[in-house]
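Asker: Got a sequence here, can you model it:
(chains A and B)
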Amino acid sequence: MAVGREIRTKIGSVQNTQKITKAMEMVAASKMRKAQDRMKAARPYAQKMRNVVAHLANANSEYHHPYMLGREIKNVGLIIISTDRGLCGGLNANLFRMLVKQMKEWDGQGVGVKLSTIGSKAAGFFGRVGGDLIGQVSSLGDAPSMEELVGTVKVMLDAFEDGSVDQVYVVYNSFVNSMTQTPQLEQLLPIRSDGDDELRHHWDYIYEPDAKEVLDQLMIRYVESLVFQGVVENGACEQSARMVAMKSASDNAGKLIDELQLIYNKARQSAITQELSEIVSGAAAV
Amino acid sequence: MAMTVHVDIVSAEAEIFSGLAEMVYAPASMGEMGIAPGHTPLLTSLKPGEVRVQLADGKEESFYVSGGMLEVQPKVVTVLSDTAVRADDLDEARALEARDKASQALKDQSTEMDYAKALADYAEATAQVQAIERLRKRAR
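Answerer: Now for the predicted structure:
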């Protein structure tokens, strides 16, 4: 029967789409668990690093590292962490919307913005709309390693040291829970000490071999650890956002199939009714 | 009970050890170093080598680190172990790579941020979503 052939093919194609989105949902769900584990594993290091730097800010050091000294803000540097792939709902779009708003504000104040991007989505976005890109890295994969980030971070640190940027921020999605991710703008440099004079005892570390060398190494690691933390957190966000997006896509496909099925059944029924009434009226005419 | 100090050994990708120890030995950049509880605050970098932790029950555990930082507070010893292989020239090469990629991406684009275009991008996306929603409502 030729009735509703188009509807049947349509149902078939929606079913195929649903199969794909279901598969992606399940893949994202299993990757999400791993990404969350990775995020939890990275936390102690970042936490310990923060502790050490907080101790340091309170210590009475004879050497003040340039990263700890604020200066007038003429240019800011942003390290933007995005995903490499799409189909993860509004995750990247929300991040970029916040960024554009913030950058416009800076622009209004006459503050220049330099960018260093991690992940191909950010590179693509700022490639399209413009922006002063000074560093870029992408395709980190599911298990990002510290090694891959060193380059982009160093570009920013160099810019901070030679004075072409006066503040460095990292931008990423912070993981609240698997349903909620919020875009986050966090200041990396200059390092803000708590300013708590009560804690300022008159003590200092023993530095080996000397303060400058040790602090240089420590500060680079501190910034890298915060960026790395951002990357793994963004990774967990990506998987959970994708899982939710794919789940709602599968649900939508299911609804669409139900609707199409109903239309198809109605069309078939009316075709049968019409045929019957034709036969009956034909018989009555004889 | 013997005096103990809390020891944390962490790397960027995992927490390696956390517990109480009577003594910690670490390969500091100036030479092997032994730290007893109540040591004065100290900050140093580590060479690749073995960190040995003498536990309260007399056993000893050892961990390999490929370099990192060591922080000593009277009651806490923290080893921040590196996961990446570090060297100045290596870092420089990585930075160069990141810069190259950026300049490649910049080739066919202006460095001026085009806010109008960015906003137009969003307006377009939102309009698409709204159109789809309207279509769905009509279908019901």
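Asker: Surely A:Val52 is in contact with B:Leu70?
Answerer: No - A:Val52 lies out of contact with B:Leu70 (CB atoms under 8 Å); the separation is 9.9 Å. In short, each C-beta sits where N, CA and C put it, glycine included.
Asker: Which neighbours do these two have in common?
Answerer: Residues touching both A:Val52 and B:Leu70 (CB atoms under 8 Å, 6 or more residues apart in numbering or on different chains) are B:43, B:78, B:80.
Asker: Can you select the buried ones from those residues in PyMOL?
Answerer: In PyMOL, this line selects whichever of the shared contacts of A:Val52 and B:Leu70 come out buried by 16 or more other CB atoms under 10 Å in any protein chain shown:
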select buried, chain B and resi 43+78+80
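Asker: Tell me which of the shared contacts of A:Val52 and B:Leu70 fall in strands.
Answerer: Per DSSP state E, strands hold the following members of those: B:43, B:78, B:80.
Asker: For the closest residue to B:Gln73 other than its chain neighbours, list the residues it contacts.
Answerer: Taking CB to CB, 6 or more residues apart in numbering or on different chains, and ignoring the residues beside it in sequence, B:Gln73 has B:Pro41 as its nearest neighbour in space, at 5.6 Å. By CB under 8 Å, 6+ apart, the contact set of B:Pro41 is A:55, A:59, A:203-206, B:72-74.
Asker: Next: A:Gly119.
Answerer: A:80-84, A:138, A:140, A:234.
Asker: Going by distance to A:Met24, which of those wins?
Answerer: If you rank these by distance to A:Met24 using CB to CB, A:Thr83 comes first, at 13.9 Å.
Asker: State the pLDDT value of that closest one.
Answerer: Looking at A:Thr83, its pLDDT is 92.
Asker: shaky segments in chain A?
Answerer: A:1-3, A:60, A:193-202 (pLDDT under 70).
Asker: In it, which residue sits nearest chain B?
Answerer: A:Gly151 (3.4 Å; CB to the nearest CB).
Asker: Which helix or strand contains that residue?
Answerer: Assigned by DSSP states H and E, A:Gly151 belongs to helix A:146-161.
Asker: Go through that helix and flag the buried ones.
Answerer: Per 16+ other CB under 10 Å, helix A:146-161 contains these buried residues: A:146, A:148-160.
Asker: CA atoms of that helix as PDB?
Answerer: Taking C-alpha atoms only, helix A:146-161 is exported to PDB below (Å, rounded to 0.1, in the frame of the first residue of the first chain):
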ATOM      1  CA  MET A 146      50.100  18.900  31.900                       C
ATOM      2  CA  GLU A 147      52.700  18.700  29.200                       C
ATOM      3  CA  GLU A 148      50.300  19.800  26.500                       C
ATOM      4  CA  LEU A 149      49.400  23.000  28.400                       C
ATOM      5  CA  VAL A 150      52.900  24.200  29.200                       C
ATOM      6  CA  GLY A 151      53.200  26.100  25.900                       C
ATOM      7  CA  THR A 152      50.000  28.100  26.100                       C
ATOM      8  CA  VAL A 153      50.600  29.000  29.700                       C
ATOM      9  CA  LYS A 154      54.200  30.100  29.000                       C
ATOM     10  CA  VAL A 155      53.100  32.400  26.300                       C
ATOM     11  CA  MET A 156      50.900  34.200  28.800                       C
ATOM     12  CA  LEU A 157      53.500  34.200  31.500                       C
ATOM     13  CA  ASP A 158      56.000  35.700  29.100                       C
ATOM     14  CA  ALA A 159      53.500  38.400  28.100                       C
ATOM     15  CA  PHE A 160      53.000  39.200  31.800                       C
ATOM     16  CA  GLU A 161      56.800  39.400  32.400                       C
END
